[in-house]
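J.: Sequence plus predicted model, see below.
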Amino acid sequence: MRFRLLSLFLLLFLLLLSACSTEPHIVISTDIAVTSDKEIYIVSHGWHTGFIVPADTITQQLPQLKERFQNTPYIEFGWGDRGFYQAEEITSGLTVQAILWPTESVMHVVTVSEPAQNHFPNSQLETLCLNGKQYSRLISFIENSFFKDSTGNILPLKKGIYGDSQFYKARGNYYLMNTCNKWTAKGLNSAGMDIFTDFKFTADSIMDYLTEQKKALSNSASGCSTNTSLH
């Protein structure tokens, strides 16, 4: 009986946390206008997922990225716990704090100067084709994930953890019910995928969903072709 009550309390607690984990927000509409189809990648590095997108639109929205990363064709974006993500050494204390206690977040931004499959040969990749409206909402979601100061500038932090990369201050708090993988799920939802975001805690939960949604993926050698299973 006591175990059942404890389990019920824990479930209610987790649901409450999930309801509070709203930032970064899913994007429903945006003023960004993109007219052509765009091919993006969702990348899993084992425990962490993120997006690889063409650099042109996002650098127009965030000119500081253009200044920092110059003419790279693609950029990888990931969101995560500030202390854990930037740490030179991962400790059990950092891990517990990141999971159980709401902490500040960061964006990890990485230059991808060659085809994603070549750039990340040891990572799992899925390709997704978006029409202009879907892609615009995803770019808006990524842009809104950055913290901006009163002048609209994003705030660089430490150098990133691999390649030509940089950390930036982000919006939202990281904890058990609002992880990097839930962030990716929110991005996919913003882009029009019918994905339930609340319990997407792991990289596998994201990649398994994409595998099950093969009709929403485009791997055609003839180029990007929008799939109508997205909305």
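T.: Ah, there it is. Residues are numbered from 1 along each chain as shown.

J.: Gly132 against Thr30, yeah?
T.: No - applying C-beta atoms under 8 Å as the test, Gly132 and Thr30 come out as separate, 10.9 Å apart. Just so you know, the C-beta spots here come from the backbone N, C-alpha and C atoms, and that holds for glycine as well.

J.: which ones are touching Gln64?
T.: Gln64 makes contact with 153-154, 156 under the criterion C-beta atoms under 8 Å, 6 or more residues apart in numbering.

J.: Looking at those residues, spot the one nearest Lys169.
T.: In terms of C-beta to C-beta, no member of those lies closer to Lys169 than Ile154, at 7.3 Å.

J.: residues contacting that closest one?
T.: The neighbourhood of Ile154, defined by C-beta under 8 Å, 6+ apart, consists of 62, 64-65, 146-148, 168-169.

J.: and what of Ser136?
T.: Taking C-beta under 8 Å, 6+ apart as the definition, contacts of Ser136 comprise 30, 32-34, 57.

J.: from the residues you listed, which has minimum pLDDT?
T.: Lowest in pLDDT among those is Ala33, which has 92.

J.: Could you pull up phi and psi at Ile42?
T.: In this entry, Ile42 is assigned phi and psi values of phi -110, psi 120 (degrees, to the nearest 10).

J.: distance of it from Lys182?
T.: 14 Å (C-beta to C-beta, to the nearest Å).

J.: buried ones in stretch 115-128?
T.: Residues of stretch 115-128 classed as buried by neighbour count (16 or more other C-beta atoms under 10 Å): 116, 119-120, 123-128.

J.: what's the answer for stretch 187-202, then?
T.: Of all the residues in stretch 187-202, those buried under the rule 16+ other C-beta under 10 Å are 187-193, 195, 197, 200-202.

J.: Just name the lowest-scoring one in the residues you listed, pLDDT-wise.
T.: Comparing pLDDT over those, the lowest score belongs to Phe201 (85).

J.: Correct me if wrong: it contacts Tyr175.
T.: No - Phe201 sits out of contact with Tyr175 when judged by C-beta under 8 Å, with a separation of 10.9 Å.

J.: in the chain, which residue is closest to the centre?
T.: For the chain, the residue nearest the mean C-alpha position is Thr184 (3.7 Å; C-alpha atoms, centre = their mean).
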